[in-house]
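**Student:** Predicted model and sequence below, questions to follow.
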Amino acid sequence: MEVLLRDVSKVFPGGTVAVDTVSLDVRPGELVVLLGPSGCGKTTLLRMVAGLELPTSGQVMLDGRPARSVAFAGRDVAMVFQELALYRHMNVAENIGFPLRWAGFDDVARHEKVLAVASALGIGGLLERRPSQLSGGQRQRVAMGRALVRNPRLFLMDEPLSDLDAQLRSELRAEIVEVVKDLGSTCIYVTHDQTEALTMADRVAILKRGVLQDLGPPTQVYTRPATLYVAAFLGNPRMNLMEASVGVVLDEYVGIRFGGQGVGEQELRLPWLHMQARMLARYHGERIAVGFRAEALTPVGAGETDNVLHGRVRYLEHHGHESLAYLDIGSTAVQVDETGHDRTTRPARRGVRGILARLNSRPVREPVEERISGRHQRQPGELTVRLAPYPGIATGHPVTVAVDVTRLHFFDQAGDRIDMPRR
Ligand SMILES: Nc1ncnc2c1ncn2[C@@H]1O[C@H](COP(=O)(O)OP(=O)(O)OP(=O)(O)O)[C@@H](O)[C@H]1O
């Protein structure tokens, strides 16, 4: 089934703009994940596709017909929610088979279909049990089975795995994709978990405060995030985002200059012939945001001089298979507002204008310390660098990293990617 959203907005009474002018085309058989923080409008968007909510403006069409008429008319659309609604007095087989009873299947046909779906989901041996006798993961599979048994042409799933532990989530992620693809159904899957989005989706749609920020295959949104917001939201460890100024030396290179606090100004050079250099050159004399993923950074000896940054270890985190060093390079971090909080006024269309708020360029606020695990409060101007496990260095230690300048991300003052066409 094809799902088409054209300039869809939803404003709730009271003025909350839950969804803001979203256009999205989900192709038949495609699995699109709606990703974003709590409150960004994912559920509202899904409910409009399900016909449970009417848009304030814009159109939601399923195979060319208004969503509401399709969803209420037939059995083509199935939803799975985070809050499961299994019938407590029915056993697993009856729960899964319930929609078939409605559809008029006889006992034998129903039993066959229930068994096939339950086996595919690994709960074939639990058909006689009541929901109260199942684990959370098993209950989730029953709910999935009840949706699947109808062979719907469109699946709408709203955080179906969020109550489960990490191991189960990862198992079920793979199962859901397999089953949905086997059926050839279209699927829109809502989550705030980027791992789910990046592992399951054919395409990911990233929302912030109701506004669509980026749409594309996982590799695209990860490697070429369209906005500063998406860059900051996706990836683990997070992308480091620093302020820099651009200086062109014609026919030679484009210099990207950082900071100057404590360590002195540092410069990276993009060779003139590099495609990105031409695009950056338009920003000569301006300040931009530069994004570094850990993949672009390699620790090197202190003597290296070619496109390196020097820093000092502010924190170390040991994750067993690797250690992460957070380096102070004396530059200023870009602060990105990642919340999806309520708002009652319409923001600038892209919603990210003005997020290049400068933080105070103060030195390290708290005593330098080392932590064995867990997240620490991000400080201005840190670079996250992957090191070998337990590298035998300490906080305060100087570290030099080589920067692969072809893997940097550049964003303008409006938060738009610099190699994207200007709007
Ligand atoms: N019926 C409603 N009346 C008024 N405001 C609503 C209603 N439903 C949702 N909202 C508001 O609309 C915004 C989007 O909510 P929505 O549930 O779509 O977000 P979400 O991204 O699914 O969040 P979560 O991940 O927390 O479920 C929020 O600010 C929410 O408070």
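**Tutor:** Looks like it arrived, so ask away. Model, not experiment: these values are computed from the prediction. Numbering: from 1, shown residues only.
**Student:** pull the longest helix from this protein.
**Tutor:** Longest helix of the chain, by residue count under DSSP state H: helix 166-183.
**Student:** Mind checking the pLDDT average for that helix?
**Tutor:** Helix 166-183 shows a mean pLDDT of 85.
**Student:** And it, what's buried?
**Tutor:** Using 16 or more other C-beta atoms under 10 Å as the burial criterion, the residues of helix 166-183 that qualify are Leu168, Arg169, Leu172, Arg173, Ile176, Val177, Val179, Val180. C-beta here means a position set from N, CA and C on the backbone, and glycine is covered the same way.
**Student:** Kindly reformat those residues as JSON lines and extend each row with distance to Ser23.
**Tutor:** Below are the buried residues of helix 166-183 laid out as JSON lines (distance: C-beta to C-beta, whole Å):
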{"residue": "Leu168", "distance to Ser23": "35"}
{"residue": "Arg169", "distance to Ser23": "31"}
{"residue": "Leu172", "distance to Ser23": "31"}
{"residue": "Arg173", "distance to Ser23": "28"}
{"residue": "Ile176", "distance to Ser23": "26"}
{"residue": "Val177", "distance to Ser23": "25"}
{"residue": "Val179", "distance to Ser23": "29"}
{"residue": "Val180", "distance to Ser23": "24"}
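**Student:** Number of residues surrounding the closest residue to Glu252 other than its chain neighbours?
**Tutor:** Closest residue in space to Glu252, ignoring its immediate chain neighbours: Trp272 at 5.5 Å, by C-beta to C-beta, 6 or more residues apart in numbering. Residue neighbour count, defined by other C-beta atoms under 10 Å, stands at 15 for Trp272.
**Student:** And the strands in the stretch 251-400 of the chain?
**Tutor:** For the stretch 251-400 of the chain, the strands defined by DSSP state E, counting those that start in this stretch occupy 253-259, 265-271, 287-292, 297-300, 308-318, 323-328, 334-335, 357-358, 382-387, 398-403.
**Student:** so where does the spatially closest residue to Glu53 that is not a sequence neighbour fall, helix or strand?
**Tutor:** Excluding its sequence neighbours, the residue lying closest to Glu53 (C-beta to C-beta, 6+ apart) is Arg47, at 4.1 Å. Element membership of Arg47, judged by DSSP states H and E, is helix 42-49.
**Student:** which other helices and strands contact that helix?
**Tutor:** Secondary-structure packing of helix 42-49 (3 or more C-beta pairs under 8 Å, 6 or more residues apart in numbering; DSSP states H and E): strand 3-11, strand 17-26, strand 31-35, strand 57-62, strand 154-158, strand 186-191.
**Student:** Angles on the backbone of the residue of the stretch 51-200 of the chain found nearest the ligand, please.
**Tutor:** Using C-beta to the nearest ligand atom, the single residue of the stretch 51-200 of the chain nearest to the ligand is His192, 5.2 Å away. Per-residue torsions, His192: phi -110, psi 10 (degrees, to the nearest 10).
**Student:** Next one: it relative to Asp158, how far apart?
**Tutor:** To Asp158, His192 is 11 Å away according to C-beta to C-beta, to the nearest Å.
**Student:** now do Leu52
**Tutor:** 11 Å.
**Student:** what bits of the stretch 201-350 of the chain have low per-residue confidence?
**Tutor:** Counting by pLDDT under 70, the ranges of the stretch 201-350 of the chain that qualify are 260-264, 337-350.
**Student:** For it, just list every one of the helices.
**Tutor:** Under the criterion DSSP state H, counting those that start in this stretch, the stretch 201-350 of the chain carries helices at the ranges 218-223, 228-233, 275-281.
**Student:** Nearest to the ligand, out of those?
**Tutor:** Proximity to the ligand (C-beta to the nearest ligand atom) singles out helix 228-233 among those, at 13.1 Å.
**Student:** residue contacts, Leu327?
**Tutor:** Taking C-beta atoms under 8 Å, 6 or more residues apart in numbering, we find Leu327 in contact with Leu309, Gly311, Arg312, Val313, Arg314, Glu382, Leu383, Thr384, Val385, Val399, Val401.
**Student:** Now for His192 and Asp158: what residues contact both?
**Tutor:** Here His192 and Asp158 share the contacting residues Lys42, scored by C-beta under 8 Å, 6+ apart.
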